[in-house]
Structures are given as C-alpha cells and as structure tokens.
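[1] What shape does this take:
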Amino acid sequence: MNKPQDHTKREQVLDVSQSFIVQAPAGSGKTTLLTQRFLRLLTIVNNPEEILAITFTKKAAAEMHQRIIESVKLATKPRPDNEFDGKTWELAAQVLQHDSDRGWQLLQNPNRLRVQTIDSLCAHLTKQLPVTARFGSPPAVQLDPTALYLEAARYCLQELDADDEVGQAIRVLLAHVDNQLSRAENLLSAMLASRDQWLRHVMGQQSDGSMRYALEAVLQRTIEVVLNDVSQNINAGQQQQLYSLIQFASANVTDSGSTTRHLAEQLDLSNTSVDSLPIWLMLGDFLLTKSGGWRKQADAKLGFPAPSNSKNKEEKAIYAAKKKQFKELLAELRDNQALTDAVSWLRSLPTASYSEQQWVVIQALLKVLPRAVAYLRLVFQQVGQVDFCEVSLSASQALHDSSGMTDVGLILDYQLQHMLVDEFQDTSETQFMLLKDLVAGWQADDGRTLFLVGDPMQSIYRFRQAEVGLFLKTQQDGLGEVRDISPVNIEVNFRSQQSVVDWVNEAFSEVMPDSDNIFSGAISYKPSIPFKLNEPEEQAVHYYPHSDRQAEGESLLKLIQQIQLDKPDETIAVLVRTRSSLAELVIALNEAGVLYQATDIDPLHKRQTVIDLMSLTRAYLQPADRVAWLSVLRAPWCALSLADMHSLLDGCPDANIYSLLQDKGRLSALSQSGQNSIAHVLTQFAVAFSHRERMPSAEIIKGLWSELLGPECLSTTAELSDNVRFFECLAELESAGNSIDIKALEERVEKLYAAADVNAPKTLQVMTIHKAKGLEFDHVILPGLDRRGRHDDKQLLTWLERPSELPGESELLIAPIKETGSEADDAIGNYLNKIEQQKSAHESQRLLYVAATRAKKCLHLSFCLTLDEKTGEAKKPPSNTLLGLLWSTIKKAVKTDLLGDKLDNKEAVTKCYLKKLNTQEIKKEDLSCLDYQQETSVIIAPQSNVIEFDWASDLAASIGSVCHQCMQIMGESGEKNPVIDDESIRHLLLEAGVLPQYIEDAIARSKQILTLCLQDNRGQWVLNNQHEDSQFELALSGVLDGAVVHYRLDRTFVDDGKRWIIDYKTSRHEDENKEQFLDNEVTRYKPQLEQYAHLMSAIDSRPIMLGLYYPAFSGWRSWEFERAAK
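    Numbers count the residues shown, from 1 in each chain. Okay, the predicted model is just below:
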C-alpha cells in the first residue's frame, strides 16, 4: 500500500522527545495518530501512569482506551501487511517487550492506562483534596442544575431590602430591568451557569477603580488594534494618494455638513491612538457608504465635482482625473481583503470608556454576582450536588491556591511526564487554565512532552464555551510553561473518496475566511489531500432544490428508499442543524413505514405515553388539577367516551373532577362501561393515596400506572424505553429527600429525548450535526439548508473573554444589558454583539464543514428555494443560512427548472390518531372496566330554528380555529391564488377535535368560508402579505388594570400610515338584517379589540384602526382607536 503524502509529518509527531500541536482535518486518522503516540510513549516510561490522555467525551475516551489495548493485543499476532496497521503493530510489539521487562501486565490490568475525560479528571482532582477544593465528601454532579441556579438567584435577590452595599446594588439592577423581579432571577441564573468565564476576573480585582481601569484598558486596546490594522494595510503610495484626494475634496465639497474639511486638516494615518478615533471615523465616512461597503462613485457632495460643471477646459480635466484617481484607489483598497475586514469594524468600535450610568450598573453587578455565587455554593451544600462548572473550578483550586502549588499539584507534577489532549480546538477558557495548571511545574529540557491534537475547522461547541482562538494562540505561544511546541498540519483524508474531498476543498475555500483571527474566531480553510480514488461512475455531490417543505420531505424519502434498494448494506445519515428541520421528513418516513434510528431527535415530552404519564403524575400530586384528571380519564387505561365525559361534566364547567367522580348520582348517568372504567381508576387512586408519606412518590406513581394496566397499553419497545426514562427522571427529582416539583419535572422532561428504536437498522440514522461529529457514513443527506439558526438569548452582562496579546493570558470585555425602555446608543454592547454575531457566523461555516465531511461516498444537499417572478431565477438565500454560505459556489450547478412542478405547496400537517388499548392481549382479570367502545351520540342537538353552524357550538369553534390557521397559511404564502387542499383541512379539523361523522360537512363549510374570503376584495386586502409590518397571529403581552394579560391578534399591519388590528370571525348570518347583526357584534367585541389597541399603542405611535371581518358574508365594521389623553 502507498504511503500517504504527509507520511513524513506523521513520523515526525511520533518523536516523543518533542512537544507538538497537530492540526488534523476531518478523516485524517487523528485517533490512530494519538494511539500511535501513546504506544510510543509506553515504550519509554517507567510506569503507564506517567502518561495522561485527555478527551472531551466518554465515548472518545473509551474508543482511545480500546484502541490502545486492541493494538497491544494485535502485537501477539503476525505483522499485518497493511502499512498503517503494520506501523501500529511495530509500536505495540515494542510496548509488549517493555511491558514484559517492567512487569506491568497491561493486558491483565488495562485500567493502568490513564485515558480520561476532562470532567473525570476534574472529579479525580477534587477527590484527592476535598477540603481544599471546597468539597467535603464528594458531591453528586447534577446534570441539569437549572433549578439550583434559580434557587440561588432567588436567595440573592431576597437581600433587596438589606441596608448594605449588596442590597443597594440589587436595587440598582432591578431598576435597570424595569423592576421585573422574575426577569432579574432568570438573568442572574443564566450568569451563574457561565460563572467560570467571568468569576476569576470579578474576584481578582482589588477595587472598583482598578477594575474599571483594567476593563477600559481592554476597550482602548481593542480600538487601537483595529486602527492599526487599517493603517498597516494602506501602503505608502496609497496613503499619499489618499491625502491628496482628501485635500482636493475638502476644497470642492458642497455639503455644508460634510466632515471632509476637518478630515483634511487632522488626518494622520500613522496615528492609531484612541484619541484619533473620531478622525478615523471621518475617514470611514469618506471611503464607505452608509451600509458599510466601499464607495463606487465620487460625486460633488463628497467633493468631486462633475467635469460638466466647469466651463474651464483645464478644470474639466482636473475634475475628471481626480474622479478617475479616486475610483482606481477605491478599487485597489477594495481588493485588499485584510483591509476590507479591518475597515468593516471602524463604525462598530466601542467607546474607549464606560458612561457613568453603565459603570454604576457594572459596579452593582460586581457586588451582586459574587454574592450570588456564594449563595449557589450554599445551595450545593444543602442538596449535596454540584454542576460540572463547580467541579472544574474546584479542580483548579485543588492544584493551586493563593500560596502556589498544593500538595496534590506537587504529587501530580511528579507523576505526570507526558500529556496528550484530543479535540483541543473545543477547549474553553476554564479548561485551558486547568491544562496550564497541569504543566505549571514543567521546565525546558526536563524530558516531559505535550501533544495537542485537534482541528479548528471542526470547532462547533461555542454553546459549551469552546474558544477556538485558544488553538491559534497555542500554535503561536505554546501552553503555559511549555513554550517550545511545534505546530504541524497533516493533510491526507482517508475517509472520503476523491470527488468528495475535491468538492469540499473547492467549496470551503470560498466559504471560510482567507486568514485566521484569534479574536473573532475566524478559521481559514486548510485543503485536504484524498487518499482514496473515485469509485467507478460515482457522482459525489447532489443538489435537491424544492419549492416547499412537504415536497422536500417526500423527495428525500424517495432518495432514501432508492439508496436502500440499490445499496442495502451502505450507511445513510440524515444530519440537521436543528431538530425542527426534520419535521416533514420524519412524517414522510413514518407514513412510509421506513425504520430509522434517531439520536436525541424526538423530544420525550411530546411522546403520547409520556404525556399520559405526566397527566397521571399531576393528578396524583395535585388532585385538584382539572386538566390532569380529564387527561387521565381519556388515557388508554380508562378511555372514557366523549359522551360520558360530557355527561360527567355537564353543568359543572369549573368543578373539581375528582369530586365529581365521587358523585354517585352523576356517575349513574354514564354508560355501564364508563362506570366500570371510572370505578377501576378510583380504586387504584385510593390505594395510591393511602400510601402517601409511606413510600417515595415516584414508586407510588409507577405502581399506580402498573395497576391501571399502563404497561399493557404499550405497543413497542421504544414506548417502554420512554416510560423507563420518565420514571428515572421522576426518581432523580425525588432523590436526597426532595419532594417532586411539577414545574421542575416538566422542565427536566422537556430536555430529554426519546431513545433510539433498537429494532430499527443502523444503516439509516437521523441526528443533529453536533451528534454526528466524529462519525462517518457512506451517504450523508443534509436537509433544510435554507433554514435559519436560532438566536442567542440576552444576558444580564454581555461579556467576551478572549486570548490577550500576552502569552497564555486572557482579557475581558463587558457591557451591562441595555436598560429596559432605553433608546440610548450602546456602542460597547453593540460591539460585543457584533463580535458574537461574527463568531456565530464563523461557527456556522465550521458546522457545515463538519456535516459535509461525514460523507465517505456521496453528499446530498437539500433545500427550498423561492423563484423571482420577474427573472424566473432562484432568489439568493439569506446569508445566515447554511445554504447562503454555499450559494456562490453551487448556484450554477443547481437546476431550478422543475421547482414549479412540485406538490402544489401543500402545507405539512401532523396526523393525529387516538390509540386505544388492545384488550385481547391483556392478561389481567376483570376486563369489563376496559370497554373502549365509543357510544357516541350527538353532543349538541341541532335546533330547527338555529343555523347548524351556530357561533356558540363546539363544531363551529373548531371550524373557526381551522379557518384562522388556513387564512394565516394563505396570507403568509404571498401567492395571489393560494390553495389549501381538502386533505390538509381534514387533518387540521381532526386535530381540532371534530368527530368523524361531522368531518365532511366541516370540510365543506371551511372551504366555503376560505373561498368567499379570497373572492372578496376586503378579504384579499386583509390577507395581503405585502403590507408594511405584516403579522399573522401576533402574540402580545402586557399589563392592563394591574394584571398581566396575553393576547393573540388575528391580523395586524400598517397601511397608509395607520396601524390596523383586525379580528376575523367565521360565524355566518342568514337573516336580512345583517347591519343590525354587525352593530351588535361591534358592541360585543369592541372592548376586546380596544384592549389589543391599548397594548399596541405602547409600542406604536401611529394611529390605530380596529376592524371586524366576517368572510362568510363579507361583513365589515371598523373604527379608530382613541388614545387616552396624556
């Protein structure tokens, strides 16, 4: 077998006398490289424990440990012919000999190999010295500490009335967020979750003055770095031209408000101090448009008169020459990408100092945040639990304290001779500090080595505080005391075939930046070299444009089925940025009966069996919970018919359900099967209630579920796994003597996902791109590339911790959250937000790279496009989508001619089924209580003198709800003649609870209303999505008469300078006196619409018009809202 082209580099990094930081791109055999380095180290150490390998996941640690052991086992067999396995065999054979000489017996004692996750290493360190590390006996690690953060935040804010500096600081913060206590709690809680990023900066300052000096020094350095970048990227010749052109423009400028004259007098391109920022901003105005791009024209307003304005021949020539010279200079500057990047920051730079109001808030935060941390540690002590962040912080404390290295640190320093770190690009600042502590005692030429491996192009964990700039900084300066560390890039890709690698090289050289930037997280693309040759007639990359989501789902279903038919043994992965991107495809897969394994895709709280269990839990813990009891009665173990439900609740709309179930007279009106079902449920609940305070609630609820025949209601192993996860969650919440809090339970379950279907083949897997990192598949499908990612939540304190110019050090930029209701400019906050936006954009590039490089043979890119009605060409996708990143590279290869032939823009809907217990398979006795036959009768009998679809009926309400949904769909589609087919309406009506015997009439009625709306000029105007600020079903919240209210507006937009709020009603009126009917409707609904307008008036100063629209008979009433006098 041929050696890879980077063979020499791979041999170089196995030199265990040197330290290396290796950039290993996707598919380059990184794990094999780590394994070989570890094996080589085992041949020179006295004990295996002298080597420490650190990974970031348990899976990666287990894989590396297994690789090492399997390699040693391989050495007991003959040498393989394979070049790579042969190299590993040679190293392993040397290990076996060294093992024999030293008597290690590694194969019998594999645990002597120290391959750990960074979290397990931190836990190990804290256990060595629990008192120094602030722990007594080792606490449990809480995987979801959100409730603990909130509790600590509440404790802290309870000092609101304290007569000290903390109490005063809390009052300042509350005033800053408009005295919204719950918002302050949530913001403070979020700060506690990320305390590892700011705590050492906050606690390390001696005074407010020194803290302000340090923070403002960072702001000033930030400004000077950008100004210096701009200055350095304009060469001497260009500077001379610029001075000359500015002088000319200042003499000819016609705009009295122009700053060009000031610019001509004060510009010094060598002065990059903070004080020169206003002049540089003037230069930005001279060179750039308002949107921030380079100017393309030189007009008289800027100081370049048109030659035609002069009658003097010489003057005409001068004007023309200067215009030409300026345009040519702009073109030169525009072609300099480094300059373009630097100039783009000019107008986004922060101020060099904080305003007094900002500093007051920051001072308050500097007092409140440490107190909140102290309360959090008290909460940790009370519950005997901590989060991973606390373990990490305490591990550093175990290694170093204020006096220097601790005993634990000294012992570890003595033992540790060689350290390897995998996935180094995903290191956070806190983890970086820990690694620095681990090598703090190392000295040059002491024989100890550091081996860091990673790929900054695959750094995609910013949500875990990964800082990719640390990889770049370490390449330049080393890690802590280890300054002599050699950077090496390996290039050969062993995973993908040549055509995939070639496409990735071409695409991502365009997608990714031209150069690295430590501060913004920009990572330039390093091309790979393919090791595999193309398979015969194999096209590597395929594009699938679609006109709508449902078309995309069905198209990808056919693609998957075709691959499975043609290549049944090859693996397929569907990878998405967000789980919501899978909705249409999952529907199509399920309907077609295609089995797949989904990893953390299906939210547990949306599984029907878990919904039933949650209702059962709430009914047991809170017997007065009406909704919970109604759900219990409709669940498969009881399945009370709708007719019986109506009889049970008749005349008691607000009564306690559990009390109604004790009413024998009311129960006697139910069917016999209904009475039997309820009797069974009440019997089991009575037993459960009798065990209260005698057994853990989790055990009681599980027993109650079992006695209600809950297990017999399950039909798949996946449902059983869901229930197991639910009961595990329930038991965890009740651990340590805590009672079960329903809200905490709901929040915990919402964060869990259903287990993968073990019966599904592993050849088709569905997961997020993050979950796919480190994996590989023959075929990779990327759906929904046109979808946008989620936005980050606002923080109480916006901060940026980044590597500083000093080796191994970091610096902090902070800005408080903008004051609620304030319209003041916040240059510092805006700068930090732009930095975060840039980091997020760069990470999106890397996320796409990770997704594309999972493919071994074929990559399938799927997305929806919109065609331009005038040109017939595809519109450019938004830049904040993965498709937007790729578009310039692939647009010529994407065929859009078939987009119009798709599925008529049907709206994807989720089908709803009522599942009943199969009594034929139940083993338990007395099945009479489980008669699930629906004895359905007409719930509301129609009266001869009332229209069948009366506005007060449940059926009419369901039709109204569906018509509202359809009108939103039609309006948002933007089409002139939108169509919603019968099948979509049918599904929506079934979801709304319309019974089968009424469904056809309901479909006809719904279609009639929608058709009349589209035929009515007023209806077309209402649904027109081209109005300014067009919104459908807008959620609006506020305070009215001292109470918090939540409203949803059917329709709102701005037309002719007026804000319209429109409520549409689907009731019909067949009498001749329609005008009187409409007048009565205004009287009825006017107070409600006036409340909508009152809330809207707080955020919109325009005149507000209110309207009632009745599409069934073109009814319309409108009036202007009268604002209260100020």
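[2] Helix or strand: which one has the nearest residue to Thr1066 once chain neighbours are set aside?
    Sequence neighbours aside, Gly960 is the residue nearest to Thr1066 in space, at 4.2 Å (criterion: C-beta to C-beta, 6 or more residues apart in numbering). The C-beta positions use only the backbone N, C-alpha and C, and glycine is treated the same way. Assigned by DSSP states H and E, Gly960 falls within helix 954-973.
[3] so how far is Ser1114 from the residue nearest to Thr1066?
    Separation of Gly960 from Ser1114 (C-beta to C-beta, to the nearest Å) stands at 17 Å.
[4] same thing with Arg67?
    Distance, Arg67 to Ser1114, using C-beta to C-beta: 74 Å.
[5] more crowded one of those two?
    Ranked by neighbour count (other C-beta atoms under 10 Å), Arg67 and Ser1114 place Arg67 first, with 19 against 15.
[6] Quick one: the helices in the stretch 501-650 of the chain, in order.
    549-566, 583-592, 608-621, 626-634, 642-649 (DSSP state H, counting those that start in this stretch).
[7] just those: most buried one?
    Mean neighbour count (mean count of other C-beta atoms under 10 Å) peaks for helix 608-621 among the helices of the stretch 501-650 of the chain, with a mean of 21.
[8] Check which helices and strands the longest helix along the chain is in contact with.
    Criterion DSSP state H: the longest helix present in the chain is helix 356-383. Contacts defined by 3 or more C-beta pairs under 8 Å, 6 or more residues apart in numbering; DSSP states H and E place helix 356-383 against helix 146-157, helix 165-176, helix 181-193, helix 195-203, helix 208-232, strand 797-803, strand 810-816.
[9] Would you convert the ones you listed into a markdown table that also reports distance to Val504?
    Below are those laid out as a markdown table (distance: least, C-beta to C-beta, whole Å):
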| stretch | distance to Val504 |
| --- | --- |
| helix 146-157 | 39 |
| helix 165-176 | 48 |
| helix 181-193 | 36 |
| helix 195-203 | 33 |
| helix 208-232 | 30 |
| strand 797-803 | 28 |
| strand 810-816 | 33 |
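[10] Packed most tightly, which of those would that be?
    Most buried of the helices and strands packed on helix 356-383, by mean neighbour count (mean count of other C-beta under 10 Å): strand 810-816, with a mean of 22.
[11] in the helix or strand following that one, what's buried?
    Downstream of strand 810-816, the next assigned helix or strand under DSSP H and E is helix 827-852. Neighbour-count burial for helix 827-852, counted by 16 or more other C-beta atoms under 10 Å, picks out 827-836, 838-852.
[12] pLDDT averaged over helix 827-852, what's the number?
    The pLDDT scores in helix 827-852 average 92.
[13] list the helices and strands it packs on?
    Counting contacts by 3+ C-beta pairs under 8 Å, 6+ apart, helix 827-852 is packed against helix 498-511, helix 769-772, strand 777-782, strand 797-803, strand 810-816, helix 882-890.
[14] Now distance to Leu14 and mean pLDDT too, for the ones you listed, in a markdown table please.
    Below are the helices and strands packed on helix 827-852 laid out as a markdown table (distance: least, C-beta to C-beta, whole Å; pLDDT from 0 to 100):
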| stretch | distance to Leu14 | mean pLDDT |
| --- | --- | --- |
| helix 498-511 | 25 | 95 |
| helix 769-772 | 29 | 93 |
| strand 777-782 | 30 | 96 |
| strand 797-803 | 29 | 73 |
| strand 810-816 | 32 | 81 |
| helix 882-890 | 37 | 94 |
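[15] Need the ones you listed in a markdown table (columns: distance to Gln415).
    Formatted as a markdown table, those follow (distance: least, C-beta to C-beta, whole Å):
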| stretch | distance to Gln415 |
| --- | --- |
| helix 498-511 | 42 |
| helix 769-772 | 35 |
| strand 777-782 | 41 |
| strand 797-803 | 29 |
| strand 810-816 | 28 |
| helix 882-890 | 46 |
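[16] Quickly compare the ones you listed and say which is most buried.
    Mean neighbour count (mean count of other C-beta under 10 Å) peaks for strand 777-782 among the helices and strands packed on helix 827-852, with a mean of 24.
[17] Paired strands for that one, with orientation please.
    Sheet pairing for strand 777-782, assigned by DSSP bridges, gives strand 572-576 (parallel), strand 855-864 (parallel).
[18] Taking their axis directions, it and helix 882-890 sit at what angle?
    Here strand 777-782 runs at 110 degrees with respect to helix 882-890, directions being taken by axes from the mean of the first three to the mean of the last three C-alpha atoms, to 10 degrees.
[19] by how many degrees do strand 777-782 and helix 549-566 diverge?
    Interaxial angle, strand 777-782 versus helix 549-566 (the same axes, to 10 degrees): 170 degrees.
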